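Asks: coordinates only, sequence not included:
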């Protein structure tokens, strides 16, 4: 099995854990503050991880260049905007529709990969990506009062437009992170990914800290006071990001983000096994389609 596959699955699982922990912060922090936690508590760990690879495993520190800097900045800013847009989608009445369209991230990452990095997507892999996307649509239709028709009709809504824009930002970020890691060169993919992660998370923390200071006075202090949960959010987030960045250094970003849809499977498994929630037929079909698409993708 190619290394990027277990790395992506582990990253998706850690991201699921981080999201669950982050929800506990919503009661004491603003939405922006809760989002900032993922960066503020993760960047010291990301720096420590990169330092540890150098200090204890003798990985040489990469020599940054102009291409790396450009990709890192674009990726960092795109991810922040993608998160902001997704939060905007959650405020809309038909947020389920918007969330569905945000899941076009993998498809858009494939397009950005072709345009920015010149990396084509194999036909069978493209089929796997589309099958998984169809599964996401099926799950969303199950939660929409008008079913699939409602998801399609909602294409022109603000939520859908915000969702597509969010997917574009996340897709661009994924491709940019791969571009940044590859721009560092060398044979040590672990250090390439770790160094990129450390730089990006530090930049994102700085940008969001300035925003909070200017727009939400006092929120930065509340973020620091939330350290008992925030620390765990940062750890889970850093582990997830380390998995994503390493996998995207090894493989086409579109493949990695598509396989990352396994996060939805984890979510439904938890709801059924631990919370005893029932899955309706359309949800079940959607989960099976996602799994089928991922199998086609990894067997590519």
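Replies: Sure, I can see it. Just so you know, these numbers come straight off a predicted model, no measurement behind them.
Asks: which residues does residue 67 contact?
Replies: By C-beta atoms under 8 Å, 6 or more residues apart in numbering, the contact set of residue 67 is 179, 180, 183. For every residue, glycine as well, the C-beta is placed using N, CA and C.
Asks: Counting neighbours, which of these comes out on top?
Replies: residue 180 (30 neighbours; other C-beta atoms under 10 Å).
Asks: and that residue, how far is that from residue 110?
Replies: Distance, residue 180 to residue 110, using C-beta to C-beta, to the nearest Å: 18 Å.
Asks: Could you list the low-pLDDT ranges of this protein?
Replies: Residue ranges of the chain with pLDDT under 70: 26-27, 93-96, 144-147, 150, 154, 273-277.
Asks: Just give me the residue right at the centre of it.
Replies: The chain has residue 170 as the residue nearest its centroid, 6.9 Å off, counting by C-alpha atoms, centre = their mean.
Asks: which residues sit against stretch 244-257?
Replies: Contacts of stretch 244-257 (C-beta under 8 Å, 6+ apart): 2-4, 7-8, 11, 105-107, 109-110, 112-113, 119, 121, 125, 129, 170-171, 174-175, 177-178, 181-182, 189-190, 192-194, 196-197, 260, 297, 300.
Asks: what's the span of stretch 23-33, first residue to last?
Replies: 12 Å (C-alpha to C-alpha, to the nearest Å).
Asks: Please enumerate residues in contact with that stretch?
Replies: Counting by C-beta under 8 Å, 6+ apart, 34, 37, 87, 208, 211-212, 215-216, 219-220, 222-223, 226, 229-230, 233 sit against stretch 23-33.
Asks: again, only this time at 10 Å
Replies: Contacts of stretch 23-33 with the rest of the structure, by C-beta atoms under 10 Å, 6 or more residues apart in numbering, involve 22, 34-38, 40, 83-84, 87-88, 90-91, 208, 211-212, 215-216, 218-223, 225-226, 229-230, 232-233.
Asks: Among these, the buried ones, what's the PyMOL command?
Replies: In PyMOL, this line selects whichever of the contacts of stretch 23-33 come out buried by 16 or more other C-beta atoms under 10 Å:
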select buried, resi 22+34+35+36+37+38+40+83+84+88+208+211+212+216+219+220+222+223+226+229+230+232+233
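Asks: Leaving out the residues flanking it, which one is nearest to residue 190?
Replies: residue 53 (6.0 Å; C-beta to C-beta, 6 or more residues apart in numbering).
Asks: quick one: which helix or strand includes the one you found?
Replies: Using DSSP states H and E, residue 53 maps to helix 43-57.
Asks: Now that helix: buried residues?
Replies: Of the residues in helix 43-57, those buried (16+ other C-beta under 10 Å) are 43, 45, 46, 47, 49, 50, 53, 54.
Asks: roughly how far out does that helix sit from the chain middle?
Replies: Helix 43-57 sits 22 Å away from the centroid of its parent chain (C-alpha atoms, centre = their mean, to the nearest Å).
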